[in-house]
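**Student:** curious how this folds, go ahead:
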Amino acid sequence: MKISLTILALLFLPAWGILAQTDKKAKEILDKLSTKTKAYTSIRTEFSYSLVNKDRKINTVQNWKLLLAGDKYRLDMGEQLILCDGKSLWKVLKNDKEVELSNVSDGGEALNPKNIFTMYEKGFKYKYVKEEKQGAKTVHIIDLFPENPKEKDYISIRLYIDKAAMQITKSELKGKNGNIYTYLIKTFVTNEKTDAGKFSYKPAEFPGYELNDVR
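**Tutor:** Purely as a prediction, here's the structure:
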């Protein structure tokens, strides 16, 4: 499964010609965001994930939870739980009572949410859209466009960044197939002490589950 945590975001198709060069203001903000995010020892966040496709009459919303510490993460998507201790990757399918074990090197990076807050650092052009008041927060709105659009299955990503906290609050991604994915951050807690055991699979926590080792 490829987590569209190509992270967090959706949409719009502007003229590609105006992006011959990277937007300086957008880059400065993204650099600050990256520096601050990389300094966190851990991130615990809850966010909603929505998928909308008007033509296909799709409108779904799910609430996900992510615990992140370095190369380790625990991503709970309700029916599916993904655990990674930095070396091994477990996909826990709750409805099927199955667990697939693989190496991180066997595709883990393709779905690795550790890149969720820094995925914009390479492979994109940026455009600063505007500064906007949203409730009590002032946010920067920045659009990202893949440098090689033919190689991607999405058109663009829009990031909403809290100006004061310098944290992503929402991202929107517009797919070429008409799908629009939105990730809305609800809670964002950093630098907590984490239990290493939360990032690995423990059979006792999932009685009756079948483990498939595909390493």
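**Student:** so, low pLDDT: which residues of this structure?
**Tutor:** 1-22, 106-120 (pLDDT under 70).
**Student:** could you redo the last one with a cut-off of 80?
**Tutor:** Filtered on pLDDT under 80, the chain yields the residue ranges 1-22, 105-122.
**Student:** show me where it has its strands.
**Tutor:** Using DSSP state E, the strands assigned to the chain run over residues 43-53, 58-69, 72-76, 80-84, 88-93, 98-103, 124-134, 137-146, 154-162, 167-175, 180-190, 210-213.
**Student:** could you dump those strands to TSV with mean neighbour count and distance to residue 27?
**Tutor:** C-betas here are computed from N, CA, C, even on glycine. Compiled in TSV, the strands of the chain are given as follows (neighbours: other Cβ atoms under 10 Å; distance: least, Cβ to Cβ, whole Å):
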stretch	mean neighbour count	distance to residue 27
strand 43-53	18	23
strand 58-69	16	24
strand 72-76	21	27
strand 80-84	21	30
strand 88-93	20	32
strand 98-103	16	35
strand 124-134	15	6
strand 137-146	20	9
strand 154-162	22	13
strand 167-175	22	16
strand 180-190	17	22
strand 210-213	11	43
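**Student:** just checking, residue 166 touches residue 36?
**Tutor:** Yes: contact criterion Cβ atoms under 8 Å: residue 166 and residue 36 qualify, at 5.1 Å.
**Student:** nearest spatial neighbour of residue 25, skipping sequence neighbours?
**Tutor:** By the measure of Cβ to Cβ, 6 or more residues apart in numbering, the closest residue to residue 25 outside its immediate chain neighbours is residue 128, 4.4 Å from it.
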